[in-house]
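Colleague: This is a predicted model, with the sequence first.
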Amino acid sequence: SAVISQKPSRDICQRGTSLTIQCQVDSQVTMMFWYRQQPGQSLTLIATANQGSEATYESGFVIDKFPISRPNLTFSTLTVSNLSPEDSSIYLCSVDSENYSYEQYFGPGTRLTVT
Amino acid sequence: AQSVAQPEDQVNVAEGNPLTVKCTYSVSGNPYLFWYVQYPNRGLQFLLKYITGDNLVKGSYGFEAEFNKSQTSFHLKKPSALVSDSALYFCAVRDIWGTDKLIFGTGTRLQVFP
């Protein structure tokens, strides 16, 4: 399975600022996925990022608030902009299994607290 | 639309006893089902999946899950629980025939008592 790392592992940010989260995979992957897990909640897909094209956002998520970059096949960033306390969540990136056997593998997550 | 339901917010079990974490699904077409575990302050770890074949699938850490088509269920099981199994468990379905997205249940917190 792919090894995925995320930076930072956690951060505390002030309202109105932005946080950029990095996701690094140890192998080349076509698609990378970004999820949000609000406190005590399940995972919600934010967007899917393909290398060389704009990310595809899910309903309720917009590019101005959650800009994503995908400069190459092993790396992606998610920025959470204009932070409010409601953005306090765990943000996780994931990738499909290497042989596309349908499961996804997840990074350790970034825990964001907005004050 | 594809969905999964986890009817129990929390399951409590004594160490050494068998455990079951329930999951039911609603899909059009053949279901692609998964279980993930989330330990405190860690990401999701893949446990097991059902795509096709035997209804009883075995996964990591001694877990297994039973696919039951007539009851549209995919319950996670372990014959003998460990305190270290205490974590948050998510059932998920992949919408292969539609959006190809992974859709998660609400999660069940498993607490194993010594």
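Modeller: Structure's in. What do you need?
Colleague: for the chain, what spans make up the strands?
Modeller: All of this is about chain A. A:4-7, A:10-13, A:19-25, A:31-37, A:43-50, A:56-57, A:68-72, A:75-80, A:89-96, A:104-106, A:110-114 (DSSP state E).
Colleague: Chain B is the one I meant
Modeller: B:3-5, B:10-14, B:19-21, B:24-26, B:33-38, B:44-50, B:56-58, B:64-68, B:73-78, B:87-94, B:102-104, B:108-113.
Colleague: okay if I get the strands of chain A as a markdown table plus mean neighbour count, distance to chain B and mean pLDDT?
Modeller: Any C-beta I mention is one placed from the backbone N, CA and C, and that applies to glycine too. Output for the strands of chain A, formatted as a markdown table (neighbours: other C-beta atoms under 10 Å in any protein chain shown; distance: least, C-beta to the nearest C-beta, whole Å; pLDDT from 0 to 100):
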| stretch | mean neighbour count | distance to chain B | mean pLDDT |
| --- | --- | --- | --- |
| strand A:4-7 | 17 | 8 | 96 |
| strand A:10-13 | 13 | 8 | 97 |
| strand A:19-25 | 19 | 11 | 97 |
| strand A:31-37 | 23 | 8 | 95 |
| strand A:43-50 | 20 | 5 | 94 |
| strand A:56-57 | 15 | 10 | 95 |
| strand A:68-72 | 15 | 16 | 94 |
| strand A:75-80 | 20 | 14 | 97 |
| strand A:89-96 | 24 | 6 | 95 |
| strand A:104-106 | 22 | 4 | 94 |
| strand A:110-114 | 19 | 7 | 96 |
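Colleague: re earlier: CSV for the strands of chain B, including mean neighbour count?
Modeller: Output for these, formatted as CSV (neighbours: other C-beta atoms under 10 Å in any protein chain shown):
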stretch, mean neighbour count
strand B:3-5, 17
strand B:10-14, 14
strand B:19-21, 20
strand B:24-26, 17
strand B:33-38, 24
strand B:44-50, 20
strand B:56-58, 14
strand B:64-68, 18
strand B:73-78, 20
strand B:87-94, 23
strand B:102-104, 22
strand B:108-113, 17
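Colleague: Could you export the ones you listed as CSV, including distance to A:Q37?
Modeller: As requested, the strands of chain B are arranged in CSV below (distance: least, C-beta to C-beta, whole Å):
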stretch, distance to A:Q37
strand B:3-5, 16
strand B:10-14, 18
strand B:19-21, 18
strand B:24-26, 21
strand B:33-38, 8
strand B:44-50, 9
strand B:56-58, 25
strand B:64-68, 22
strand B:73-78, 19
strand B:87-94, 10
strand B:102-104, 9
strand B:108-113, 14
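Colleague: Need these in JSON lines (columns: distance to A:S69 and mean pLDDT).
Modeller: As requested, the strands of chain B are exported to JSON lines (distance: least, C-beta to C-beta, whole Å; pLDDT from 0 to 100):
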{"stretch": "strand B:3-5", "distance to A:S69": "31", "mean pLDDT": "92"}
{"stretch": "strand B:10-14", "distance to A:S69": "39", "mean pLDDT": "98"}
{"stretch": "strand B:19-21", "distance to A:S69": "37", "mean pLDDT": "98"}
{"stretch": "strand B:24-26", "distance to A:S69": "35", "mean pLDDT": "94"}
{"stretch": "strand B:33-38", "distance to A:S69": "26", "mean pLDDT": "96"}
{"stretch": "strand B:44-50", "distance to A:S69": "23", "mean pLDDT": "94"}
{"stretch": "strand B:56-58", "distance to A:S69": "37", "mean pLDDT": "96"}
{"stretch": "strand B:64-68", "distance to A:S69": "37", "mean pLDDT": "96"}
{"stretch": "strand B:73-78", "distance to A:S69": "36", "mean pLDDT": "98"}
{"stretch": "strand B:87-94", "distance to A:S69": "26", "mean pLDDT": "95"}
{"stretch": "strand B:102-104", "distance to A:S69": "22", "mean pLDDT": "92"}
{"stretch": "strand B:108-113", "distance to A:S69": "35", "mean pLDDT": "97"}
